[in-house]
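**Student:** what shape does this take:
(2 chains)
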There are 2 protein chains.
Amino acid sequence: MKITLAQINYHVGNFERNSKLIIDAIRKAIKDKSDLIVFSELSLTGYPPHDLLEHRDFIVKCKEYINRITTECKGIMAIVGAPAINRNHSGKKLYNAAYILNDGEISDIVYKSLLPTYDIFDEYRYFEPSNVFKTIKLKEKKLAVTICEDLWDEQGFENEFSSTRMYSVSPLNELSKLRPDIIINISASPFSHTKIKSKVKIFTDKASMYKIPLFMVNQVGANTDLIFEGNSMVVGPGGNIIDIFPSFTEHTDSFELSEVMKSSTAVKYEPNRIEMIYSALILGLKDYFEKMNFRSAVLGLSGGIDSAVCLCLAARALGPSKVRALLLPSMYSSKHSVDDAVSLCNNLEVQYDIINIEKAYSAIEESLSDIMKDLPADVTEENIQARLRSIMLMAVSNKFENILLNTSNKSETAVGYSTLYGDMAGSISVLGDVYKTDIYQLADYINNDNTVIPANIINKPPSAELRPGQKDSDSLPDYEILDSILYQYIELQKPVSDITGRSLSPELVKSITDLVNRNEYKRFQAPPILRISSKAFGIGRRMPLVGIY
Amino acid sequence: MKITLAQINYHVGNFERNSKLIIDAIRKAIKDKSDLIVFSELSLTGYPPHDLLEHRDFIVKCKEYINRITTECKGIMAIVGAPAINRNHSGKKLYNAAYILNDGEISDIVYKSLLPTYDIFDEYRYFEPSNVFKTIKLKEKKLAVTICEDLWDEQGFENEFSSTRMYSVSPLNELSKLRPDIIINISASPFSHTKIKSKVKIFTDKASMYKIPLFMVNQVGANTDLIFEGNSMVVGPGGNIIDIFPSFTEHTDSFELSEVMKSSTAVKYEPNRIEMIYSALILGLKDYFEKMNFRSAVLGLSGGIDSAVCLCLAARALGPSKVRALLLPSMYSSKHSVDDAVSLCNNLEVQYDIINIEKAYSAIEESLSDIMKDLPADVTEENIQARLRSIMLMAVSNKFENILLNTSNKSETAVGYSTLYGDMAGSISVLGDVYKTDIYQLADYINNDNTVIPANIINKPPSAELRPGQKDSDSLPDYEILDSILYQYIELQKPVSDITGRSLSPELVKSITDLVNRNEYKRFQAPPILRISSKAFGIGRRMPLVGIY
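**Tutor:** Have a look, this model is predicted:
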């Protein structure tokens, strides 16, 4: 028996594109004499469809396109993910379903049991959990078809304050009673650089626990903030990885079951974390532009490391000719900042313009002088510069249809070291889930073969250059220390009193976590952030704005 | 038996404040010889606590403060809402609980069964649903204690595409088998102007169905976007409303059960919709400032109706001395716009300043001239004006700690008739859930006793005044028509083909719904919006950004 796994890049709500990709893969698999082709979770709609699932016409369309795909399935079985209507008279309106297509018919449907409803997941908002377990017959074999989280039954909580597991059912345990021969898992599991290994372990553990082979197909590609790495897998009955698909790229391959059963192949999967983050961000940017039908980007290049790394990523993702940089010096910008930025543009062959903001800044100051009187300069004047730069960038964006990239990093986004409507502006935040210490590692990674980012950009002390001689270290601890506090507070959700580490006083920890809490209002208006961690700012982290904590 | 209902304004996460309010009410009720005092759902934490529920120290604090409150409960039973840890080894970590406090002890706990997970609600993200039903004994009576949604078991879906009910269990039906004497419901049910009557009907129906009296306590006050109207109720066993508490204000009152049982009182509850919206917005603004510890507000006054209504609301909510207006005319502003705005400020006794933005605008244009060359003017130049105004407003906000109010309405927010980082800026959107047609009604309501808003502001054709002679009607249909399409699409979630009405062509409908969809990216970065409808933009409406629909 030949099984094909199709790791495909879907676009949310784009039924024409998604169904064409699915049908093309089915036709090719038929030619290859495959018996079964497997697509990822909600492949027809793309993941995550969010509240489109509440719209009746969206669900009607799902059914129409499933029917179209079904007619293609002759001489092959296909497993396609799509929502299905719940026909019972109570419960949520939909199931998250795996359609089993065979002989030109919908021969069966399997519903998802475990519905992730935490972090970025809202599945119980839309779907009824299933408690019916059955296997699917294909030739002489029985398939245990599961959907993503169905195999994650053993997971606890990142921040455990009681001994509970999240789920009370183990779908695979129920299915194992029916003596299946093969585990199929269709997934839409987004990338997180902290979970690369533990994710793979879920699948190898399940295969070895039940001593049957496992075929997992994950979505690849990005839809707004969520980036899916793919890494679809074939695991032998001994828990050995027989094949793992490449990350961040489409890939389809077929496997002979008899060979999988007896194979002693055991792939060692040890990817480089920074390389994975780099590739995730490239794909995130590329897909954001392609799927939004945007052609080109613009960003403000300050001479600092964040905007430099962001420009490198954009030039790589979109092509250097599709990116332009604006250098927007003020009276406080150092000469070397402009020079460094120009060198970088030249190295990347990216178009740049220099607009000095001093005159416009003075005109604004003058207009405000009656109101401001002689009050001493403070953060007001710094913010005016940042916001004026955003006016210039957005003007270029509006006039030339260049989409503005936001270049803020996760460390400064966390503590609010940024200006609302100023450097917080942008259509998408490229680095908003990357801590400053990881941005240095990205810069080194980019410079690995030859120096693209001038050494001076990497080595100089970070500064916003909004007043004479300003340095980040005037207001913030060293980034090593800052990031260690932030990671424990944000990703690990530790109570403030449990955050520990070298050179961390309780007062310092408290001052930083207070900054994180106090700046929720700024992040509320931030652009979508490409997510690469297990806890990014955005829809996965829902903190109250009006609240004491 | 004497029962006290305490309709109180809680602040999310503010354990000191919330517990003090609860303890004060308990002490007073003891003096009044009450047997039972009832507080609203999650009264200790305030609703909604969002992801604070995932933080271990937050849950530890809940327990500490529950213990403090418990020691006060001598000679009285109190029902207090707070999260409780799930001690089973599987399932979500918490329950949404009603603590039963009696004789200085936690004498019992009741858990919520039906967990709303739709629109603005995310309860299944945090809580395990309960399937245990029991009554609580108080003297010779048995209480059926339910939590908010537990009584909403019969609700279907606003946009039904199948015949399902949302829930498969009726908690009250289960409880009725235990022959309770009284229904208690503790709620945190936010205001929606489209659901005023249907909400009341839920409670009168339940009382008359089971022929026992019902005591419902709802939270009052606002936490960020969500505004709770209160309107706590006592319903007789015949379904007659014996008392309904005032809207949008704290209120505590006691009832003798024997009198409730025999009372033939039947209050007619017929509130005025516009008055309710007005009061909701006033409370929303007031609480946002008080709970965020903000002292004063600033807004841009254009001479149009939206900013005028917004200023009236702010002056009423915060006091005229706590609000200042900026008039920011450009070369395209009409003389009467400034005059009308000045009259309004004088009528309200609100401080105002006039800053002409022409010079600063010219300086920006000049700085950009090399890049823009001689390209014809378009939306770029309009947006520069809007963004420059936002710089001026934010400068005043930063320098004087006046919080910027956003004055956009729901109609323009829906179709993207607004500038990102320009008139979309602000700490909170006051009118972002109010359609333009309702804003006219609010203006009439405000002018009811005496003319506060000059007639000219109300009567002139709406215009953004960003180019010579510009009118809203150049780009949009009449607001009556526009709002009718938007209401059917957004609140009723109708498929485009089902949207009907006078003078609506399918092409017009499609062009408007396309605008709604295409402008998701702008709303993603909008401020929090005071919610007064059943479907506001914000966390309750989660549409994909990268998506075809």
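**Student:** the helix or strand harbouring A:E174: what's the following helix or strand?
**Tutor:** Assigned by DSSP states H and E, A:E174 belongs to helix A:171-176. Using DSSP H and E, the helix or strand that directly follows helix A:171-176 along the chain is strand A:182-187.
**Student:** the helix holding A:E174 - contacts with which helices or strands?
**Tutor:** In terms of contacts (3 or more C-beta pairs under 8 Å, 6 or more residues apart in numbering or on different chains; DSSP states H and E), helix A:171-176 is packed against strand A:141-147, helix A:196-210. Any C-beta I mention is one placed from the backbone N, CA and C, and that applies to glycine too.
**Student:** tell me which residues of that helix come out buried.
**Tutor:** A:171-172, A:174-176 (16 or more other C-beta atoms under 10 Å in any protein chain shown).
**Student:** off-centre distance for it?
**Tutor:** 30 Å (C-alpha atoms, centre = their mean, to the nearest Å).
**Student:** could I get the full set of helices for the stretch 201-350 of chain A?
**Tutor:** A:257-262, A:273-292, A:305-318, A:335-348 (DSSP state H, counting those that start in this stretch).
**Student:** pull out the buried positions in the second one.
**Tutor:** Neighbour-count burial for helix A:273-292, with 16+ other C-beta under 10 Å as criterion, is recorded at A:274, A:276-292.
**Student:** and A:F537, how many neighbours?
**Tutor:** A:F537: 24 surrounding residues under other C-beta atoms under 10 Å in any protein chain shown.
**Student:** hmm, A:K410 and it touching each other?
**Tutor:** Yes. At 7.4 Å, A:F537 and A:K410 qualify as touching, with contact defined as C-beta atoms under 8 Å.
**Student:** which neighbours do those two share?
**Tutor:** Here A:F537 and A:K410 have A:432-433 as joint contacts, going by C-beta atoms under 8 Å, 6 or more residues apart in numbering or on different chains.
**Student:** in TSV: the helices and strands packed on helix A:171-176, plus mean pLDDT, mean neighbour count and distance to chain B.
**Tutor:** Output for the helices and strands packed on helix A:171-176, formatted as TSV (pLDDT from 0 to 100; neighbours: other C-beta atoms under 10 Å in any protein chain shown; distance: least, C-beta to the nearest C-beta, whole Å):
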stretch	mean pLDDT	mean neighbour count	distance to chain B
strand A:141-147	98	24	18
helix A:196-210	95	18	18
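**Student:** in JSON lines, list the ones you listed along with distance to A:S19.
**Tutor:** Listed next are the helices and strands packed on helix A:171-176 as JSON lines, based on distance: least, C-beta to C-beta, whole Å:
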{"stretch": "strand A:141-147", "distance to A:S19": "19"}
{"stretch": "helix A:196-210", "distance to A:S19": "28"}
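**Student:** quick one, which of those gets closest to B:V434.
**Tutor:** When the helices and strands packed on helix A:171-176 are compared by C-beta to C-beta, strand A:141-147 sits nearest B:V434, at 41.4 Å.
**Student:** run the angle between the closest one and strand A:182-187 for me.
**Tutor:** Inter-element angle recorded for strand A:141-147 and strand A:182-187: 20 degrees (by axes from the mean of the first three to the mean of the last three C-alpha atoms, to 10 degrees).
**Student:** what's strand A:141-147 packed up against?
**Tutor:** Using 3+ C-beta pairs under 8 Å, 6+ apart, strand A:141-147 sits against strand A:94-102, strand A:105-111, strand A:136-138, helix A:171-176, strand A:182-187.
**Student:** any weak-confidence spans in chain A?
**Tutor:** For chain A, the stretches with pLDDT under 70 are A:156-164.
**Student:** which residue sits closest to A:R273, ignoring its sequence neighbours?
**Tutor:** Nearest residue to A:R273, sequence neighbours excluded (C-beta to C-beta, 6 or more residues apart in numbering or on different chains): A:H193, at 5.4 Å.
**Student:** the one you found: how many residues sit nearby?
**Tutor:** Other residues within reach of A:H193, judged by other C-beta under 10 Å, total 18.
**Student:** quick one, what contacts it?
**Tutor:** Residues near A:H193 by C-beta under 8 Å, 6+ apart: A:273, A:276-277, A:280, A:532-533.
**Student:** ok, now which ones touch the residue lying closest to A:S208 once chain neighbours are set aside?
**Tutor:** Counting by C-beta to C-beta, 6+ apart, A:G239 is the residue found nearest to A:S208 once chain neighbours are left out, at 2.9 Å. A:G239 is in contact with A:204-205, A:207-208, counting by C-beta under 8 Å, 6+ apart.
**Student:** what lies in contact with stretch A:329-345?
**Tutor:** Contacts for stretch A:329-345 (C-beta under 8 Å, 6+ apart): A:301-304, A:307-308, A:311-312, A:325, A:327, A:350-352, A:354, A:356-358, A:361, A:385, A:452-454, A:456-457, A:460, A:465-468, A:470.
**Student:** change it to 7 Å
**Tutor:** By C-beta atoms under 7 Å, 6 or more residues apart in numbering or on different chains, the residues outside stretch A:329-345 that reach it are A:301-303, A:308, A:311, A:325, A:327, A:352, A:354, A:356-358, A:361, A:385, A:453-454, A:456-457, A:465-468.
**Student:** from these, which ones fall inside strands?
**Tutor:** Among those, the residues falling in strands (DSSP state E) are A:325, A:327, A:352, A:354.
**Student:** top of the residues you listed by neighbour count?
**Tutor:** Most neighbours among the ones in strands among the contacts of stretch A:329-345, by other C-beta under 10 Å: A:A325, with 27 neighbours.
**Student:** right, and it touches A:L299 too?
**Tutor:** Yes. At 6.0 Å, A:A325 and A:L299 qualify as touching, with contact defined as C-beta atoms under 7 Å.
**Student:** shared neighbours of the two, anything?
**Tutor:** Any residue near both A:A325 and A:L299 by C-beta under 7 Å, 6+ apart counts here, and that gives A:L311.
**Student:** wait, A:E105 sits on A:T70?
**Tutor:** Yes. A:E105 is in contact with A:T70 according to C-beta under 7 Å; the separation is 6.5 Å.
**Student:** higher neighbour count, the two?
**Tutor:** Using other C-beta under 10 Å as the criterion, A:E105 and A:T70 rank with A:T70 on top: 19 against 12.
**Student:** which of the helices or strands spans the more buried one?
**Tutor:** Taking DSSP H and E as the definition, one finds A:T70 inside helix A:56-72.
**Student:** how about A:L393?
**Tutor:** helix A:379-400.
**Student:** report the contact partners of A:L52.
**Tutor:** Counting by C-beta under 7 Å, 6+ apart, A:L52 has contacts A:13, A:58, B:543-544, B:547, B:549.
**Student:** now it: closest residue in space that isn't a chain neighbour?
**Tutor:** Counting by C-beta to C-beta, 6+ apart, the nearest residue to A:L52 once its immediate chain neighbours are dropped is A:F58, at 4.7 Å.
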